[in-house]
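In: Sharing a model prediction with you, sequence too.
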Amino acid sequence: MKKSRARLTVILASVLFMVAACYDTSRPDRPARDPAQQNVRSHNSNSPGTVSLTYENEVIGTEIEDGDCHDPDCSPVAGGGVILFSDGECRLQAVDAKTGKRKWRFAPEKGADYFPVVYDGSAYVAVSKRLYALDVKTGRVRWKRKFKGYVNTPKLAGGLLLFTANDESIYAVSAKTGKRKWRYKTEDPNCTIFLADEKRAYIESECDIHAVDLETGKRAWRYDTDGCSPLALAASQGMVCAGLGDGTIIALDAETGHESWKLKTEFDTPLVRADGDSLYFGNWLRLQAVDVRTGEVKWLSEKGYNRVGYITAIADGEIYFDDADFIYSVNALTGQESWRYQRKEWDHSPLVIADKKIFFTDGLDFYAVDAPTKKQLWKIKLNEDNGVYTAPVVTSGAVNFIEGCAVMSAADIKTGKLRWTFTP
């Protein structure tokens, strides 16, 4: 029961996009870069090709053990031929995706962990009260900006970086220059940016949902949730849908914020996911689908799951999620279970689905499973002293995963053959 509560807590945390970080402001800000002398073991000299992602490279939260490097938010990210990750020693490492050689590292503050966002050749990193833009290939600081509050990991929308700074505000700055475009006051220090489309950012502020115009920073609309905190938002077909803490699902018109429909579910904390004209949600024993425009129930699955929480991915007509014992594939049209894959151990990493494959750890093994059939494609034996707690990332024809807090490996997504291993 203790593990179940811990696991559910982290899943909710990942949906609310909350990040963990520790800070020590005793050192001045300065970027630190390394020469190319690396601790790299090469496993394959062939240059990997570019992988075409059939599935979105998506993540579900997992249980957090002691130490920030076990936080799913510390999962590596890829962009510009580089893989970035926080190494557990308060340094941001940048590794060449093809060779495994370190390109640079960044450590402006003692005691900080880094959750980078990569966009258009830059890596954006929040450190204490500063936001940095780094050249993803060299680590050179393109710009940095200081704020009054502690900056949280930004989200990208329309060329803007959106973030909170623990001062009851949402900020928008230009991703190119770092120049502030607007500031939106929420009167809630714990406000969260759930999602954004091409016009608006949608924000949870304790008992409200705000829509903020991306161009002006002015409020487009505000919806009072009547004391029930929104736990997740999803947008599709011109609707913004939210799961509330009392088990209610609401659907709001994205343009006006007017309530289109409301549905009371049997779930305490429904975590919503939209795809096309359907909205999917569930909790604990069941999964449900409704029409995103009308709220009409399409199907309700039979009981039979240990926990239905956040849905990892919806692809090729299938819904993928997991619980403590199984990975599931459910038909998105009917709600019928297509297959379930038995796990051996409780201790496992988040799921990532890419190139019609599911990548995950189970105990001390790292697996690739065929998504349409659940057939095991390959597995890698991990070091018994390390586990994989963060989500892997797929890029350049390889799946890249971190053992423990710092050892990064790249395996060919088709064969599982290791290409290289990097140790800071």
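Out: Received it, and whenever you're ready, just let me know what you need. Residues are numbered from 1 along each chain as shown.

In: now the helices: where do they sit in this protein?
Out: Using DSSP state H, the helices found in the chain span residues 2-15.

In: what bits of it have low per-residue confidence?
Out: Within the chain, the stretches with pLDDT under 70 are 1-74, 111-113, 269, 283-284, 306-310, 346-348, 384-386.

In: so how many other residues sit close to the closest residue to residue 372 other than its chain neighbours?
Out: Leaving aside its sequence neighbours, residue 372 sits nearest to residue 356 (C-beta to C-beta, 6 or more residues apart in numbering; 6.5 Å). To be clear about C-beta, it is placed using only N, CA and C from the backbone, and glycine gets the same treatment. Using other C-beta atoms under 10 Å as the criterion, residue 356 is surrounded by 15 other residues.

In: and what of residue 93?
Out: Using other C-beta under 10 Å, residue 93 has 26 neighbouring residues.

In: In contact with it, which residues?
Out: Residues near residue 93 by C-beta atoms under 8 Å, 6 or more residues apart in numbering: 84, 85, 86, 87, 102, 105, 406, 408, 422, 424.

In: Roughly how far does the fifth one sit from residue 332?
Out: Think residue 102. 42 Å (C-beta to C-beta, to the nearest Å).

In: circling back: any chance of the contacts of residue 93 in CSV, plus neighbour count and distance to residue 139?
Out: Below are these laid out as CSV (neighbours: other C-beta atoms under 10 Å; distance: C-beta to C-beta, whole Å):
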residue, neighbour count, distance to residue 139
84, 28, 10
85, 28, 14
86, 28, 14
87, 23, 14
102, 23, 10
105, 19, 7
406, 18, 18
408, 24, 17
422, 25, 16
424, 18, 14
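
In: Redo the residues you listed as TSV? Include distance to residue 268.
Out: TSV is the format used below for those (distance: C-beta to C-beta, whole Å):
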residue	distance to residue 268
84	37
85	35
86	33
87	38
102	46
105	44
406	38
408	38
422	43
424	42
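
In: Can you mark which positions in stretch 115-128 are buried?
Out: For stretch 115-128, burial by neighbour count (16 or more other C-beta atoms under 10 Å) applies to 115, 116, 117, 118, 119, 122, 123, 124, 125, 126, 127, 128.

In: if we take the residues you listed, which one ends up nearest to residue 396?
Out: Lowest distance from residue 396 to the buried residues of stretch 115-128 (C-beta to C-beta) belongs to residue 118, with 14.0 Å.

In: and the closest residue to the closest one other than its chain neighbours, bridged to which residues?
Out: In space, and not counting its chain neighbours, residue 118 is closest to residue 79: 3.1 Å by C-beta to C-beta, 6+ apart. Beta-bridge partners for residue 79, by DSSP bridges, are residue 82.

In: Spit out the contact partners of residue 224.
Out: 207, 208.

In: can I assume residue 358 is in contact with residue 369?
Out: Yes: counting by C-beta atoms under 8 Å, residue 369 is a contact partner of residue 358 at 4.6 Å.

In: overlap in contacts of those two?
Out: With C-beta under 8 Å, 6+ apart as the test, residue 358 and residue 369 both reach residue 327.

In: what comes up buried for stretch 84-103?
Out: Result for stretch 84-103 [16+ other C-beta under 10 Å]: buried residues 84-88, 90-100, 102-103.

In: Quick one: end-to-end length of it, please.
Out: 10 Å (C-alpha to C-alpha, to the nearest Å).

In: and what of stretch 146-163?
Out: 13 Å.

In: which other residues reach it?
Out: Counting by C-beta under 8 Å, 6+ apart, 17, 19, 21, 23, 73, 115, 117, 119, 124, 126-131, 164-167, 169-176, 181, 193, 196-198, 201, 214 sit against stretch 146-163.

In: Stretch 359-379 now?
Out: Contacts of stretch 359-379 (C-beta under 8 Å, 6+ apart): 55, 315-316, 318, 320, 322, 327, 329, 339-341, 343-345, 347-353, 356-358, 380-384, 387-388, 392, 394, 399, 401, 411, 413-416.

In: do that again at 7 Å, thanks
Out: 55, 329, 339, 341, 343-345, 347-349, 351-353, 356-358, 380-382, 384, 387-388, 392, 399, 401, 413, 415-416 (C-beta atoms under 7 Å, 6 or more residues apart in numbering).

In: Over to stretch 174-193?
Out: 16-17, 119-120, 122, 133, 143, 145, 155-156, 159-162, 164, 166-173, 201, 203-206, 210, 212, 216-217.

In: Check stretch 225-245 too.
Out: Applying C-beta under 7 Å, 6+ apart, the contact partners of stretch 225-245 are 12, 15, 194-195, 197, 202, 204, 206-209, 246, 248-254, 260, 269-277, 279, 281, 292-293.

In: Give the buried residues for that stretch.
Out: Per 16+ other C-beta under 10 Å, stretch 225-245 contains these buried residues: 225, 228-236, 239-244.

In: ok, now stretch 274-286?
Out: 274, 275, 278, 279, 280, 281, 282, 283, 284, 286.

In: Equivalent analysis for stretch 212-223, please.
Out: 212, 214, 217, 219, 220, 221, 223.

In: Could I get those residues in TSV, plus columns for distance to residue 186?
Out: Output for those, formatted as TSV (distance: C-beta to C-beta, whole Å):
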residue	distance to residue 186
212	9
214	16
217	12
219	10
220	14
221	14
223	13
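
In: So which of those are in strands?
Out: Of the buried residues of stretch 212-223, the ones assigned to strands by DSSP state E are 212, 219, 220, 221, 223.

In: and these as JSON lines, adding distance to residue 137?
Out: Below are these laid out as JSON lines (distance: C-beta to C-beta, whole Å):
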{"residue": "212", "distance to residue 137": "33"}
{"residue": "219", "distance to residue 137": "39"}
{"residue": "220", "distance to residue 137": "38"}
{"residue": "221", "distance to residue 137": "41"}
{"residue": "223", "distance to residue 137": "43"}
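
In: burial count for residue 202?
Out: Residue 202 has 25 nearby residues by other C-beta under 10 Å.

In: List the residues that contact it.
Out: So residue 202 contacts 194, 195, 196, 209, 211, 233, 240 (C-beta under 7 Å, 6+ apart).

In: Distance-wise, check the third one relative to residue 311.
Out: It refers to residue 196. Residue 196 is 20 Å from residue 311, by C-beta to C-beta.

In: Show me which of those two is the more surrounded one.
Out: In this view residue 196 and residue 311 are compared by other C-beta under 10 Å, and residue 311 has more residues nearby, 24 against 21.

In: which residues touch the residue lying closest to the more buried one once chain neighbours are set aside?
Out: Nearest in space to residue 311, with sequence neighbours left out and distances taken as C-beta to C-beta, 6+ apart, is residue 273 at 4.3 Å. Listed by C-beta under 7 Å, 6+ apart, the contact set of residue 273 reads 234, 280, 281, 311, 314.
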